[in-house]
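Peer 1: Quick one, fold the following:
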Amino acid sequence: MAKKSKQLRAALEKIDSTKAYSVEEAVALSKELNFAKFDASVEVAYNLNIDVRKADQQIRGAMVLPNGTGKTARVLVFARGAKAEEAKAAGADFVGEDDLVAKINGGWLDFDVVIATPDMMAVVGRLGRVLGPRNLMPNPKTGTVTMDVAKAVEESKGGKITYRADKAGIVQALVGKVSFEADKLVENVKAFHDTIIKAKPATAKGTYITSLTITTTQGVGIKIDTNSL
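Peer 2: You can find the predicted model right below:
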């Protein structure tokens, strides 16, 4: 613990907490100051000036990062018949119907993404209490309730991320791994930034993005100057 706090202090000394860095500087610093013993995840966190209690100011969606996430998602698909076969052919890790509902209700949660065909939502709805709080419930807005299960599976395996503003208007998203080349991380951050800008509610007043921070697992937060994006 003493070693970690020493590393943390050293990292904090290299960061000017009053400064917002360019995206390139922030990415370089986050890579340099990562002291995790594993290939840490890199995340961004947006503080948005929105009121999520208003239906027209809720921000939620999905996008495919240009350079992927560095993580292979375990994909579960609720489908039957030809659509189930399509999901398996596309590389889904788990495909089923009521059998999967029983398994999940029994405590099994070894998956990262849940996709369902529209006709299966009555079945999936029984898992609301389990999947809802974990942000795993299939939703048309994130492209996870669809008849095109093959495309949904391929995107989920190829770097698709979902995002959602919490009650405080904060949106967090995975943008890669520390092992990524700096320019690839920068490209992912910029692509996600464009998505957040496009998602700005028409009714949001004042400064939309109040702060943007990049951090690594166990690392320290580094502010990004949004003008650099």
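Peer 1: where exactly do the strands run in the protein?
Peer 2: 41-48, 60-64, 75-78, 94-96, 113-116, 160-164, 170-177, 209-216, 222-223 (DSSP state E).
Peer 1: out of the ones you listed, which comes closest to Pro138?
Peer 2: Closest to Pro138 of the strands of the chain is strand 113-116 (Cβ to Cβ; 4.2 Å). Every C-beta, even on glycine, is put in place using the N, C-alpha and C of the backbone.
Peer 1: Please enumerate residues in contact with the helix ranked longest in the chain?
Peer 2: If you go by DSSP state H, the chain has its longest helix at helix 182-198. With Cβ atoms under 8 Å, 6 or more residues apart in numbering as the test, helix 182-198 has contacts from 23-24, 27-28, 31, 42, 44, 46, 48, 59, 61, 63, 65-67, 161, 163, 171, 173, 175-176, 180, 208-209, 212, 214, 224, 226, 229.
Peer 1: Please work out which of the strands of the chain is packed deepest.
Peer 2: strand 75-78 (a mean of 28; mean count of other Cβ atoms under 10 Å).
Peer 1: CA atoms only for it - export them in PDB, please.
Peer 2: Extracted C-alpha coordinates of strand 75-78, given in PDB (Å, rounded to 0.1, in the frame of the first residue of the first chain):
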ATOM      1  CA  VAL A  75     -22.100 -11.600 -26.100                       C
ATOM      2  CA  LEU A  76     -25.400 -13.300 -25.000                       C
ATOM      3  CA  VAL A  77     -28.300 -13.300 -27.500                       C
ATOM      4  CA  PHE A  78     -32.000 -14.100 -26.900                       C
END
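Peer 1: What is it packed up against?
Peer 2: On a contact count with 3 or more Cβ pairs under 8 Å, 6 or more residues apart in numbering; DSSP states H and E, strand 75-78 meets strand 94-96, strand 113-116, helix 149-157.
Peer 1: any chance of these in CSV, plus mean pLDDT and distance to Ala191?
Peer 2: Converted to CSV, those look like this (pLDDT from 0 to 100; distance: least, Cβ to Cβ, whole Å):
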stretch, mean pLDDT, distance to Ala191
strand 94-96, 97, 29
strand 113-116, 97, 19
helix 149-157, 95, 14
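Peer 1: Select, out of these, the one closest to Lys167.
Peer 2: strand 113-116 (22.9 Å).
Peer 1: gap between the spatially closest residue to Arg134 that is not a sequence neighbour and Ala79?
Peer 2: Computed as Cβ to Cβ, 6 or more residues apart in numbering, the closest residue to Arg134 that is not its neighbour in sequence is Leu109, at 7.4 Å. According to Cβ to Cβ, to the nearest Å, Leu109 and Ala79 sit 19 Å apart.
Peer 1: No further queries at this time; thank you.
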